[in-house]
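Undergrad: requesting a structural model of the entry that follows:
(chains A and B)
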Amino acid sequence: KQEVTQIPAALSVPEGENLVLNCSFTDSAIYNLQWFRQDPGKGLTSLLLIQSSQREQTSGRLNASLDKSSGRSTLYIAASQPGDSATYLCAVMNSGNTPLVFGKGTRLSVIA
Amino acid sequence: GAGVSQSPRYKVAKRGQDVALRCDPISGHVSLFWYQQALGQGPEFLTYFQNEAQLDKSGLPSDRFFAERPEGSVSTLKIQRTQQEDSAVYLCASSRTKGRAEINYGYTFGSGTRLTVV
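TA: Prediction:
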């Protein structure tokens, strides 16, 4: 059974810092991996989707990498801003159109 | 529509009451998923539809939970005789995925319905 772990559970950084969020998964035979952002009381916003054949994806100040063989992904946020404060969730899909399996998330606070 | 729409946004139910939660997926999206998110946890899968067919309901926690998508668009998640442990945010997601093991473009989630059972 696929299990997804996110470390750290919570992180507080001063504005302007670069930071890395970690995600690991137990079954490396994944179809894709997706990073989401969730603001308090809100739904999920998709940030980046990495297909199993890809190594990384970039969007603005965000960069996500995927190492399938070791079962790891990282989300890199450059020059963090207070508006980045949210919970970041990692989710993997084991095969096309199967349910996403989520980690518990990393709660990020960026202090001005 | 432009996004996945869920209603109501908030629902308070007395224990034992039946509730119905609605999801309007993005127009033309084939796949629809329901997830349950308890406080401080990641979302957990409940059930999956491809068009009107419910292909996977393995995540439904009990027979009090029932979902339908009769015309392959709008979906309703019904919870009968609600219990306090049903309190959670219920998220709906849709995808334009064409079929199993084919190209997948990722999922778009709605804002969720926060259910509180008192």
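Undergrad: roughly how far is stretch B:80-88 from the heart of the chain?
TA: Remark: stretch B:80-88 is offset 15 Å from the chain centroid, using C-alpha atoms, centre = their mean, to the nearest Å.
Undergrad: ugh, wrong one, I meant stretch A:45-61
TA: With C-alpha atoms, centre = their mean as the basis, stretch A:45-61 stands 9 Å off its chain's centre.
Undergrad: also stretch B:11-30?
TA: That offset, for stretch B:11-30, works out to 7 Å (C-alpha atoms, centre = their mean).
Undergrad: burial of the residue nearest to B:D56 when sequence neighbours are not counted, as a residue count?
TA: Nearest residue to B:D56, sequence neighbours excluded (C-beta to C-beta, 6 or more residues apart in numbering or on different chains): B:Y48, at 4.3 Å. Any C-beta I mention is one placed from the backbone N, CA and C, and that applies to glycine too. B:Y48 has 21 neighbours, counted by other C-beta atoms under 10 Å in any protein chain shown.
Undergrad: output the strand or helix carrying B:Y48 as PDB, nothing but the C-alphas.
TA: Element membership of B:Y48, judged by DSSP states H and E, is strand B:44-50. Extracted as PDB, the C-alpha positions of strand B:44-50 are listed here (Å, rounded to 0.1, in the frame of the first residue of the first chain):
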ATOM      1  CA  GLU B  44      -8.300  10.500   1.900                       C
ATOM      2  CA  PHE B  45     -10.000   8.900  -1.100                       C
ATOM      3  CA  LEU B  46     -13.700   8.000  -0.800                       C
ATOM      4  CA  THR B  47     -14.900   7.200  -4.300                       C
ATOM      5  CA  TYR B  48     -14.300   7.700  -8.100                       C
ATOM      6  CA  PHE B  49     -16.600   8.100 -11.100                       C
ATOM      7  CA  GLN B  50     -15.700   7.900 -14.700                       C
END
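Undergrad: what packs against that strand?
TA: On a contact count with 3 or more C-beta pairs under 8 Å, 6 or more residues apart in numbering or on different chains; DSSP states H and E, strand B:44-50 meets strand A:100-102, strand B:31-37, strand B:53-56, strand B:65-68, strand B:75-79.
Undergrad: and A:I7, how far from chain B?
TA: Noted for A:I7: a distance of 14 Å to chain B, by C-beta to the nearest C-beta, to the nearest Å.
Undergrad: wait, that residue touches A:T106, no?
TA: Yes. Using C-beta atoms under 8 Å, A:I7 makes contact with A:T106 at a distance of 7.5 Å.
Undergrad: these two: who's more crowded?
TA: Counted by other C-beta under 10 Å, A:I7 and A:T106 do not tie: A:T106 has more neighbours, with 21 against 11.
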